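Undergrad: Here is my input; please provide its structure:
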Amino acid sequence: MSQKDYASPIDFYRDYHTHPTNQLIHAVCIPLIAITLQNLLSLITITIDRRTLSLNRANPISLRGNIILSVVFQYNYAAIYGTKVFFVMLGYMTVTNFLGTRWRHQRTNWAWESLVIHLLAWAAQFYGHLIEGRRPALIDNFGQAFLSAPLFAFSEVFWPTLI
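TA: The predicted model follows:
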């Protein structure tokens with residue numbers, strides 16, 4: 001089936017995760033990937049010098065990669081699923097950003113730890129798809145699978161009727 005055959009992107013993603021073991025693996029690994037990806041992206045900073053934009057203020061604006069990622073996810077949730085999902089996932093992203101920030105401030109090797117856990121979580125998910133007997137959704141539509149994964153993991157565990 002193509003993604004066009006589904007009522008919503010989450011239905012497309014859900015169809016690839018029907019085996020209970022694969023669902024459990026994803027429920028555990030997706031939040032780990034969200035936290036570790038935010039940690040890794042926090043290493044990237046984009047600085048905008050407002051003077052070059054002909055703005056009066058001289059202080060530059062610095063945007064961290066993890067915040068940019070959160071904004072992209074939130075825009076996706078608002079545009080596709082509406083305000084209810086937007087606000088629920090805003091809470092999710094706030095918690096994952098908070099946990100990542102705590103991790104970064106309390107551990108000296110947080111970047112290496114994040115990288116290792118990130119890679120292990122991805123490997124576990126691929127193993128879940130081996131059990132499922134079906135390739136991952138991201139093979140067919142990387143962008144939509146990537147954006148739907150946190151919503152899937154949250155809603156399947158905590159709020160099955162959310163969407």
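
Undergrad: CA only for contacts and neighbour counts going forward, please
TA: OK.

Undergrad: residues contacting the residue sitting nearest the centre point of the chain?
TA: The C-alpha lying nearest the average C-alpha coordinate of the chain belongs to Ala34 (CA atoms, centre = their mean; 4.6 Å). Residues near Ala34 by CA atoms under 8 Å, 6 or more residues apart in numbering: Thr96, Pro150.

Undergrad: let's see 7 Å
TA: Contact analysis of Ala34 by CA atoms under 7 Å, 6 or more residues apart in numbering lists Thr96.

Undergrad: Sketch out the low-pLDDT regions of this structure for me.
TA: The chain contains residues with pLDDT under 70 at 1-6, 50-58.

Undergrad: Strands of that one, start to end?
TA: Along the chain, counting by DSSP state E, strands occupy 45-48, 61-64.

Undergrad: In JSON lines, list these along with distance to Leu119.
TA: Below are the strands of the chain laid out as JSON lines (distance: least, CA to CA, whole Å):
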{"stretch": "strand 45-48", "distance to Leu119": "22"}
{"stretch": "strand 61-64", "distance to Leu119": "22"}
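
Undergrad: and Gln106, which of those strands is closest to it?
TA: Minimum separation from Gln106 across these (CA to CA) falls at strand 61-64, 19.0 Å.

Undergrad: Show residues contacting that closest one.
TA: Strand 61-64 has contacts (CA under 7 Å, 6+ apart) with Ser42, Ile44, Thr45, Ile46, Thr47, Ile48, Asp49.

Undergrad: Can you say which of those are buried?
TA: With neighbours counted using 16 or more other CA atoms under 10 Å, the contacts of strand 61-64 contain these buried positions: Ser42.

Undergrad: Among the contacts of strand 61-64, which one sits closest to Ala123?
TA: Ser42 (22.5 Å).

Undergrad: pretty sure the closest one is in contact with Leu69, am I right?
TA: No - look at Ser42 against Leu69 with CA atoms under 7 Å: they stay out of range, at 9.7 Å.

Undergrad: Now list whatever residues contact both of those two.
TA: Common contact partners of Ser42 and Leu69 (CA under 7 Å, 6+ apart): none.

Undergrad: quick one: the helices in this protein?
TA: Applying DSSP state H to the chain gives helices spanning 9-15, 20-41, 65-81, 83-106, 110-132, 137-140, 142-158.

Undergrad: Looking at these, which one is packed in the most?
TA: helix 20-41 (a mean of 21; mean count of other CA atoms under 10 Å).

Undergrad: Restrict that one to CA atoms and write it as CSV.
TA: This file holds the C-alpha atoms of helix 20-41, laid out as CSV (Å, rounded to 0.1, in the frame of the first residue of the first chain):
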residue,chain,number,x,y,z
PRO,A,20,3.6,-6.6,20.1
THR,A,21,7.3,-7.1,20.5
ASN,A,22,8.1,-4.6,17.8
GLN,A,23,5.6,-2.1,19.4
LEU,A,24,7.3,-2.5,22.8
ILE,A,25,10.7,-2.0,21.3
HIS,A,26,9.5,1.2,19.6
ALA,A,27,7.7,2.4,22.7
VAL,A,28,11.0,2.2,24.6
CYS,A,29,13.5,3.2,21.9
ILE,A,30,11.7,6.2,20.3
PRO,A,31,11.8,8.3,23.4
LEU,A,32,15.5,7.4,23.8
ILE,A,33,16.1,8.4,20.2
ALA,A,34,14.2,11.7,20.8
ILE,A,35,16.3,12.6,23.8
THR,A,36,19.6,11.5,22.4
LEU,A,37,18.9,13.2,19.0
GLN,A,38,18.1,16.4,20.9
ASN,A,39,21.3,16.1,22.8
LEU,A,40,23.4,15.5,19.7
LEU,A,41,21.7,18.4,17.9
